[in-house]
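Q: Sequence first, then the predicted structure:
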Amino acid sequence: MAKKSSLNLRSSLGILPAVFFLLVFFIAPFIVLEYYSLLTIVEGNIVSGPSLSEYARLLKDPFNYYLFYRTISLSILVTLLCVLFGYPVAYLFNKIRSVVLRSVVLAIVVAPLLTSSLVLSFGWIVILGKQGMVNDVLVKLGFLQEPVQILFTVKAVIIGLTQVMLPFMIVPLISTLSALPRDLEDAAVDLGASKWQSFWQITIPQSIPGIAAGMSLVFVLTYTAFTVPTLMGGSAMQIVSVYIWNNVRQLVWGTAAAVASLLLLSSLAIIVAFNWIVRRLTPWQHLHA
Amino acid sequence: MAAPARLNQTLAKAQRVRPPLSDILGGALLVGLAVFALFALLLPMAVIVLVSFDSGPILRFPPQTFSFERYLEILDLVGFVEAITLSLQVAFLVVFFDLLLGIPAAISLVRGQFPGKSFIIGFLQSPMMIPGIVIGISILFFLSYVKVNVSIFLMTLSHVVITLPFMVRITYARMVSADQTLEEAAQDLGANRWQVFRHILLPHLMPAIVGGSAFAFLLSFDNLPTSIFTAPVVDPPLPVYLFRLLLYNINPIVSPIATLQILITFVVLFIALRTVGTKELVGGR
């Protein structure tokens, strides 16, 4: 018995290096970030602080409200687009019987997930540019007289982000939908419901937890995305992450730290609120637990 | 049992004769959206590969020539070799530290008994919840605060923070299925702890180690949001180098480099899907 407990103590020691590493290089930097957000730093020199003056200044400036409002509405739009396009893919994936087709679809879904968003943005730059495919097709079909500017507008950012985030919606949905019992859908059809009715009234409500999981993941990733907005919207794109980067570049570190803290805090708050609403909307989920 | 089954079939057949309009329209809508989504998912990568074989100073689609001109131009690109060398160095270092920290952690989380275990599991996953740019600037500020200048280690450290949760998650998932009786039998037969690890645990964990390493390598190699703050300003790693090339003008030279990156991605995707599941990779909550 004594031998066993000492053995357990020794086999618990392996956790220490990883915990120690994260305490020093994840938690401590985080504390420094919060400390810096209380300082006023101009061109890399601490001017004053610590105080809440940076936050007070941020809360007074209407531009910051506009910045966060813009970023949040962009993220909501992208999240909704991901549900619209992601759900059919995940739903039909579980209906496919052919093993080959299944692996092809899975590869198409997972490949962008592992490709850097820098590479994907570059692809969209080629597609959406003035000499690109979209303008080419629209002009040839007679919808447009001459090529229009899509790139470096918010439209391009929405298109790029939706594509980059789509796999993060599809993968959780595939696993949720494959776990749903098929009998309910069949039973609804046997009882006289049309297939569309059974899809709309049986399958969709049952998959709300999966949709919600995908939505919170996509929302957070979009809300804090950096690569796609900067490359496809230009470095003047008015998005929180780009604003933070511009502040770090100009060595206004106090502002950068405060905005980064607000970004983190607001994303956590939105997710908690969202999950609370989802739990209220799906009371039957607690019956299982 | 036979009768209801036949009844079902008859009912199904009766419905198949005259499907309501909503079924046809709804089905067409779902298929249409799904096909469009899959097309859009594949499009940027396909376009990059095709465009990389075009020539001339303008990026256009569809491409009008077929040549390796752009691939040859990479060789003349100033700073490219330094960029890719740094990215590879850092990625290998990151995988090394991830394995060094992650494997013992995963084994202890399964075999060890200590208070607050579920808290520790949550703690080791927590960097996944934090945006890459926030991790980047906090490490930048931290090392400027403690006044340590460690050049490429700054970037390596920030990448280990990002990738370690994935390494722990993937090896932990594999470790759960390890058979403890084998380890006990080996110890009873006189094996020391190192021998148990080397001959029992390591072979069992191998798929997770290979998959986790491949994934961590890719995450580090491709990272921009964190590296933009933690990478050296002179001679930056590949993603920061490409970012600067693209930020001020659309440079066709990026297309062959991006094609090579897509190639690397597919190799890693193949390794990762063979060894670990998609769920560990996405990190769905």
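A: Received the coordinates, thanks. Model, not experiment: these values are computed from the prediction. Numbers count the residues shown, from 1 in each chain, chains lettered A, B, ... in the order given.
Q: Low-confidence ranges, the stretch 151-289 of chain A, go.
A: By pLDDT under 70, the low-scoring segments of the stretch 151-289 of chain A are A:285-289.
Q: which bits of it sit near chain B?
A: Taking CB under 8 Å from any CB of the partner chain as the measure of proximity, the stretch 151-289 of chain A contacts chain B at A:162-163, A:166-168, A:171-172, A:175, A:189-190, A:194-197, A:199-200, A:213-214, A:216-217, A:220, A:223-227, A:230-231, A:235, A:241, A:244-245, A:248, A:253, A:256-257, A:260, A:263-264, A:267. For glycine as for every other residue, the C-beta is placed from the backbone atoms N, C-alpha and C.
Q: Among those residues, name the buried ones.
A: For those, a burial check counting by 16 or more other CB atoms under 10 Å in any protein chain shown picks out A:162-163, A:166-168, A:171-172, A:175, A:189-190, A:194-197, A:199, A:213-214, A:216-217, A:220, A:223-227, A:230-231, A:241, A:244-245, A:248, A:253, A:256-257, A:260, A:263-264, A:267.
Q: Mind checking which of the residues you listed land in helices?
A: Using DSSP state H, the subset of those located in helices is A:162-163, A:166-168, A:171-172, A:175, A:189-190, A:195-197, A:213-214, A:216-217, A:220, A:223, A:227, A:230-231, A:241, A:244-245, A:248, A:253, A:256-257, A:260, A:263-264, A:267.
Q: In the chain, which residue is most central in space?
A: You didn't say which chain, so I picked chain A. In chain A, the residue lying closest to the centroid (CA atoms, centre = their mean) is residue A:221, at 2.4 Å.
Q: um, chain B though
A: Chain B has residue B:215 as the residue nearest its centroid, 4.3 Å off, counting by CA atoms, centre = their mean.
Q: and that residue, what helix or strand is that in?
A: helix B:202-222 (DSSP states H and E).
Q: does chain A sit close to that helix?
A: Yes - for helix B:202-222 and chain A, the contact criterion (CB under 8 Å from any CB) is met by B:215, B:218, B:222.
Q: thinking again about what came up before, next up, the contacts around the residue nearest to the centre of chain A.
A: Shown in contact with residue A:221 (CB atoms under 8 Å, 6 or more residues apart in numbering or on different chains): A:165, A:168.
Q: at 6 Å what do you get?
A: Residues counted as contacts of residue A:221 (CB atoms under 6 Å, 6 or more residues apart in numbering or on different chains) are residue A:165.
Q: From residue A:41, how far off is it?
A: From residue A:221 across to residue A:41, the span is 29 Å (CB to CB, to the nearest Å).
Q: can you pull out the strands in chain A?
A: For chain A, the strands defined by DSSP state E cover A:40-42, A:45-48.
Q: Against residue B:99, how distant is residue B:168?
A: 11 Å.
Q: more crowded one of those two?
A: Neighbour count, other CB atoms under 10 Å in any protein chain shown: between residue B:168 and residue B:99, residue B:168 has more, with 24 against 16.
Q: what's the helix or strand for the more buried one?
A: Per DSSP H and E: helix B:152-175 holds residue B:168.
Q: how about that helix: buried residues?
A: Buried residues in helix B:152-175 (16+ other CB under 10 Å): B:152, B:154-175.
Q: tell me the contacts of the residue of the stretch 151-289 of chain A found nearest chain B?
A: Proximity of the stretch 151-289 of chain A to chain B (CB to the nearest CB) peaks at residue A:224, 3.4 Å away. Residue A:224 makes contact with A:241, B:131 under the criterion CB under 6 Å, 6+ apart.
Q: Now it: phi and psi?
A: Note on residue A:224: its backbone torsions stand at phi -110, psi 10 [degrees, to the nearest 10].
Q: Kindly report the residues of the stretch 1-150 of chain A close to chain B.
A: A:8, A:11-12, A:14-15, A:17-18, A:21, A:25-26, A:29-30, A:32-33, A:36, A:85, A:88-89, A:92, A:108, A:110, A:112, A:114-116, A:118-120, A:122-127, A:131-133 (CB under 6 Å from any CB of the partner chain).
Q: can you tell me how far residue B:255 sits from chain A?
A: 7 Å (CB to the nearest CB, to the nearest Å).
Q: Excluding chain neighbours, what is closest to that residue?
A: Among residues not flanking residue B:255 along the chain, residue B:52 sits closest, at 4.0 Å (CB to CB, 6 or more residues apart in numbering or on different chains).
Q: is it true that the one you found touches residue B:260?
A: No - between residue B:52 and residue B:260 there is no contact under CB atoms under 6 Å: 8.8 Å.
Q: hmm, back to that, filter the buried residues of helix B:152-175 by proximity to chain A?
A: When contact is defined as CB under 6 Å from any CB, those meet chain A at B:157, B:161.
Q: Tell me the spatial nearest neighbour of the residue of the stretch 51-200 of chain A found nearest chain B, not counting adjacent residues.
A: For the stretch 51-200 of chain A, the residue closest to chain B is residue A:123, as judged by CB to the nearest CB, at 2.5 Å. Sequence neighbours aside, residue B:44 is the residue nearest to residue A:123 in space, at 2.5 Å (criterion: CB to CB, 6+ apart).
Q: Could you report the neighbour count for the spatially closest residue to residue B:232 that is not a sequence neighbour?
A: Once flanking residues are discounted, residue B:232 sits nearest to residue B:151: 5.9 Å by CB to CB, 6+ apart. Number of residues near residue B:151 (other CB under 10 Å) recorded here: 9.
Q: check which helix or strand covers the residue of chain B at minimum distance from chain A.
A: Chain A sits closest to residue B:44 of chain B, with a gap of 2.5 Å, by CB to the nearest CB. Element membership for residue B:44 (DSSP H and E) is helix B:21-52.
Q: in the following helix or strand past that helix, what's buried?
A: Moving toward the C-terminus from helix B:21-52, the next helix or strand (DSSP H and E) is helix B:69-74. Neighbour-count burial for helix B:69-74, counted by 16+ other CB under 10 Å, picks out B:70-71.
Q: quick one: the helix or strand containing residue B:121 to helix B:152-175, angle?
A: Following DSSP H and E, the helix or strand that holds residue B:121 is helix B:117-125. Put simply, helix B:117-125 runs at 140 degrees to helix B:152-175, going by axes from the mean of the first three to the mean of the last three CA atoms, to 10 degrees.
Q: tell me the mean pLDDT over helix B:117-125?
A: Helix B:117-125 shows a mean pLDDT of 90 in the predicted model.
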